[in-house]
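S.K.: Below are the sequence and a predicted model; questions follow.
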Amino acid sequence: GAGVSQTPSNKVTEKGKYVELRCDPISGHTALYWYRQSLGQGPEFLIYFQGTGAADDSGLPNDRFFAVRPEGSVSTLKIQRTERGDSAVYLCASSPGGGREQYFGPGTRLTVT
Amino acid sequence: QKEVEQNSGPLSVPEGAIASLNCTYSDRGSQSFFWYRQYSGKSPELIMFIYSNGDKEDGRFTAQLNKASQYVSLLIRDSQPSDSATYLCAVRYGGSQGNLIFGKGTKLSVKP
């Protein structure tokens, strides 16, 4: 079956601009996670959705970051007023349920110039 | 601070040997443990998960968990050059709602 998909695969934006990153999870997976990964580091948790609601957003670094999952499937991560320090690979993962194994998408490489 | 520690490597083994990758974690309440493989420029790929003390085998891979020592390992038998990648250990802590804490990964190099 189809895995997790993410678009775009690459995004280059200027400092101060707004970006949206999209994640389409594995069909039937109720849990969806966003992580970001910097070079040489493991993925760092951002936010977790169970269904439509954000069950844990404790990893969002500040209020410039926001994510939604309005219909319990596709999710969008939104970053306002981007900064150069936001440059990273943003990974989405989905899971059959909270606490279960997570499967990652290919990621979106965000570069803020 | 919940932490997951891995030796960054690189760990170099000859083709056909057993590669042993180790991970320690800080919270005794941890419930679930995962190993991911990540090729350069690619996203993490789930290899193994283990929830109970002891060994779990899947093909050439064996995950070992010792909760008393807060230690989890991954053994790769008959290592192949295609196993060369970074291996990430991830832990789901008790009380968390599902997010994983990752180590920085161990880079494995299998020499032909």
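M.R.: All right, it came through fine. Worth saying up front: this structure is predicted, and the values here are computed from it rather than measured.
S.K.: Report the central residue of chain A.
M.R.: residue A:34 (3.4 Å; C-alpha atoms, centre = their mean).
S.K.: show me what contacts it?
M.R.: A:23, A:45, A:46, A:47, A:48, A:67, A:75, A:77, A:90, A:91, A:92 (C-beta atoms under 8 Å, 6 or more residues apart in numbering or on different chains). No exception for glycine: its C-beta is placed from N, CA and C like everyone else's.
S.K.: What's the local residue count around residue 72?
M.R.: This is for chain A. Number of residues near residue A:72 (other C-beta atoms under 10 Å in any protein chain shown) recorded here: 15.
S.K.: The chain in question should be chain B.
M.R.: Neighbours of residue B:72 using other C-beta under 10 Å come to 25.
S.K.: coming back round to it: which residue sits closest to the residue nearest to the centre of chain A, ignoring its sequence neighbours?
M.R.: residue A:46 (4.2 Å; C-beta to C-beta, 6 or more residues apart in numbering or on different chains).
S.K.: Report whether the expected contact of that neighbour with residue A:56 is present.
M.R.: No. Judged on C-beta atoms under 8 Å, residue A:46 makes no contact with residue A:56 at a distance of 9.6 Å.
S.K.: higher neighbour count, these two?
M.R.: Neighbour count, other C-beta under 10 Å: between residue A:46 and residue A:56, residue A:46 has more, with 22 against 18.
S.K.: my guess is the more buried one is in a strand, correct?
M.R.: Yes. Under DSSP: H, G, I helix; E, B strand; the rest coil, residue A:46 sits within a strand.
S.K.: okay, it: pLDDT?
M.R.: According to the prediction, residue A:46 has pLDDT 97.
S.K.: Pull the contacting residues for it.
M.R.: For residue A:46, counting by C-beta under 8 Å, 6+ apart, the contacting residues are A:33, A:34, A:35, A:36, A:57, A:59, A:60, A:61, A:65, A:67, A:77.
S.K.: Name the residues that touch the helix or strand of chain A with the lowest mean pLDDT?
M.R.: Here the helix or strand of chain A ranked lowest by mean pLDDT, DSSP states H and E is strand A:53-56, holding a mean of 89. If you take C-beta under 8 Å, 6+ apart as the criterion, strand A:53-56 is touched by A:47, A:48, A:49, A:67, A:69, A:98, B:96, B:97, B:98, B:99.
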